[in-house]
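K.L.:
Below: sequence and its predicted model.
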Amino acid sequence: MTTSNLKITVNAPKPTSLNYPPHPKFGTVFVPTVFKMTLERGQTSGFKGSLDPMGGLDLQPGTSALHYGQSIFEGLKAFRQKTGDGPSIAIFRPELNANRFVESARRMMMAEVPEHVFLDAITTFVSHNAAVVPHAEDHSLYLRPLLFGADDVIKVGAAQKYVFLVMGTIAGSYFNTGSKGVTQDHGGAKVMISREYVRAFPGGTGEAKTAGNYAASIRPQAEAATHGCDQVLYLDAQEKEYVDELGGMNFFFVRGQDLVTPALNGCILKGVTRSSILELAPRLDLRPKEEKVSVTDLIRGIEDGSIQECFACGTAAVVSPISALYFQDKKGGGYRWVHVSNTTITQRLYKLLSDVQRGLGSPAGWLHSVNV
Ligand SMILES: Cc1ncc(COP(=O)(O)O)c(C=O)c1O
């Protein structure tokens, strides 16, 4: 199979069915195929990949990414479409992920997978696995492209050889709270605001989707869980006053007709969901705003009622209401809760985005159709 300048060898049968529970736990149900490709730093043509049965990788103990963290990934979804005469499966805005993958690779000094190669790989992967793209209303196929340095050399430096993989999992609700996700049947996420840990800092890797950012978030996340929180909301590294984002999601709040999210500052991941929500906001008569958000003003706004709703968003989490924030008024002070009870606009945004992802009223160019 050849698509543009990516040659793909098919070594795996097309799956015809996949068994999983009605509420699959996020990231646990893999489709039985994996796309694999090796490439070199600086390579611009002659890309050769394969669709293989899901399974083991042949890695040496010296594999450079395991030691020095040259590892980046993406997360995007393929949806069954609700439109009768349109394509029956489409991937949501993959061009943005392809572009972010290149930007992440550049920051980490890794081989760059050209955007058209990325798109060919994921489209062919979804087409091959079309039969197992879920039909259930609230399920989708979550795609996980991954790139890591694969030199067998124990010395810090940019690897020459890389492995590019695409795998897929069945996605239901991200928060493990039942059938319909956090919006419908969960009271909302409880979020701890950290004045101790930071996720990113100016000049660091916060804007890249690289493994180390997530490794650093595991301890804060676990500590938040001991306080009954589902997620951590990170502040800026220098003043610990301005809101950046959550460990794996962007942050929004509703202030009257304003739909506000922290402005990109090099420390925040440029979420595809974030930019989609900003673009869709006028459809709900909301004014999209990107601002420098002070946590003191945020808490005050929630307490005096001028801020009515808060939510997190991302490919995995879609649009998830935040029902409570657990925070310290200042570093070293005691923690207290502030509650957010309204979710009206958050729910409308969830519905709007979900419909758009399934072909109902999607802006031109947002859905990348897949041959089935
Ligand atoms: C740190 C972080 N922020 C935000 C997001 C949301 O980005 P997207 O909407 O592209 O999934 C993610 C998820 O990928 C993330 O890991």
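P.N.:
That came in fine, so what should we check first?

K.L.:
Would you confirm that Gln221 contacts Tyr234?
P.N.:
No - in this structure Gln221 lies outside contact range of Tyr234 using Cβ atoms under 8 Å: 10.9 Å. For glycine as for every other residue, the C-beta is placed from the backbone atoms N, C-alpha and C.

K.L.:
where does the stretch 201-350 of the chain have low pLDDT?
P.N.:
Within the stretch 201-350 of the chain, no stretch falls below the threshold (pLDDT under 70).

K.L.:
Give me the neighbour count for the residue nearest to Asp236 when sequence neighbours are not counted.
P.N.:
Taking Cβ to Cβ, 6 or more residues apart in numbering, and ignoring the residues beside it in sequence, Asp236 has Tyr242 as its nearest neighbour in space, at 4.3 Å. Residue crowding around Tyr242 was assessed by other Cβ atoms under 10 Å; the count is 21.

K.L.:
cool, and the one 3 residues further on?
P.N.:
Glu245: 26 surrounding residues under other Cβ under 10 Å.

K.L.:
which residues does it contact?
P.N.:
Glu245 makes contact with Arg199, Leu233, Tyr234, Phe251, Pro262, Ile268, Leu269, Gly271, according to Cβ atoms under 8 Å, 6 or more residues apart in numbering.

K.L.:
if we go to 6 Å?
P.N.:
For Glu245, the contacting residues are Phe251, Ile268, taking Cβ atoms under 6 Å, 6 or more residues apart in numbering as the criterion.

K.L.:
Helix or strand: which one has it?
P.N.:
Counting by DSSP states H and E, the element that carries Glu245 is strand 243-246.

K.L.:
try Ala65
P.N.:
helix 64-68.

K.L.:
buried stuff in that helix?
P.N.:
For helix 64-68, the buried set under the neighbour-count rule, 16 or more other Cβ atoms under 10 Å, comprises Ser64, Ala65, Leu66, Tyr68.

K.L.:
The last one: what's it in contact with?
P.N.:
Meaning Tyr68. By Cβ under 6 Å, 6+ apart, the contact list for Tyr68 reads Val156.

K.L.:
quick one: strands adjacent to the strand holding Glu245?
P.N.:
Strand 243-246 pairs in its sheet with strand 231-235 (antiparallel), by DSSP bridges.

K.L.:
any residue of the strand it pairs with up close to the ligand?
P.N.:
No - applying Cβ under 6 Å from any ligand atom, one finds strand 231-235 separated from the ligand by no less than 9.0 Å.

K.L.:
Now do that strand: distance to the chain's middle.
P.N.:
In terms of Cα atoms, centre = their mean, to the nearest Å, the centre of strand 231-235 is set 16 Å apart from its chain centre.

K.L.:
From Thr315, how far out is whatever residue of the stretch 51-200 of the chain ends up closest to the ligand?
P.N.:
Taking Cβ to the nearest ligand atom, the ligand has its nearest neighbour within the stretch 51-200 of the chain at Gly75, 4.7 Å off. When distance is defined by Cβ to Cβ, to the nearest Å, Gly75 is 5 Å away from Thr315.

K.L.:
same deal with His339?
P.N.:
Using Cβ to Cβ, which is the criterion applied here, His339 is 27 Å from Thr315.

K.L.:
the more surrounded of these two?
P.N.:
Thr315 (24 against 12).

K.L.:
thought the more buried one was touching Phe73?
P.N.:
No - under the criterion of Cβ atoms under 6 Å, Thr315 is not in contact with Phe73, lying 11.6 Å apart.

K.L.:
circling back: am I right that the residue of the stretch 51-200 of the chain closest to the ligand is in contact with Gly314?
P.N.:
No - using Cβ under 6 Å, Gly75 is not in contact with Gly314, being 7.7 Å away.

K.L.:
Give me the sheet partners of the helix or strand where Val191 lies and which way each runs.
P.N.:
Under the assignment given by DSSP H and E, the secondary-structure element containing Val191 is strand 189-194. Under the criterion DSSP bridges, strand 189-194 sits next to strand 231-235 (parallel), strand 318-328 (parallel) in its sheet.

K.L.:
Can I get the shortest one in PDB? Just the C-alpha atoms.
P.N.:
The reference is to strand 231-235. C-alpha atoms of strand 231-235 as PDB (Å, rounded to 0.1, in the frame of the first residue of the first chain):
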ATOM      1  CA  GLN A 231      -6.900  16.600  38.900                       C
ATOM      2  CA  VAL A 232      -4.300  19.300  39.500                       C
ATOM      3  CA  LEU A 233      -4.500  22.800  38.200                       C
ATOM      4  CA  TYR A 234      -1.000  24.300  37.800                       C
ATOM      5  CA  LEU A 235       0.000  27.900  38.200                       C
END
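
K.L.:
just checking, Ile8 is part of a helix?
P.N.:
No - assessed by DSSP: H, G, I helix; E, B strand; the rest coil, Ile8 does not belong to a helix; its assignment is strand.

K.L.:
wait, it sits on Asp52?
P.N.:
No - under the contact definition of Cβ under 6 Å, Ile8 does not touch Asp52, with a separation of 10.6 Å.

K.L.:
Please work out how many residues are found near the residue in the stretch 101-250 of the chain that the ligand sits nearest to.
P.N.:
Ranked by Cβ to the nearest ligand atom, the top residue of the stretch 101-250 of the chain for proximity to the ligand is Gly248, at 3.9 Å. Residue neighbour count, defined by other Cβ under 10 Å, stands at 22 for Gly248.
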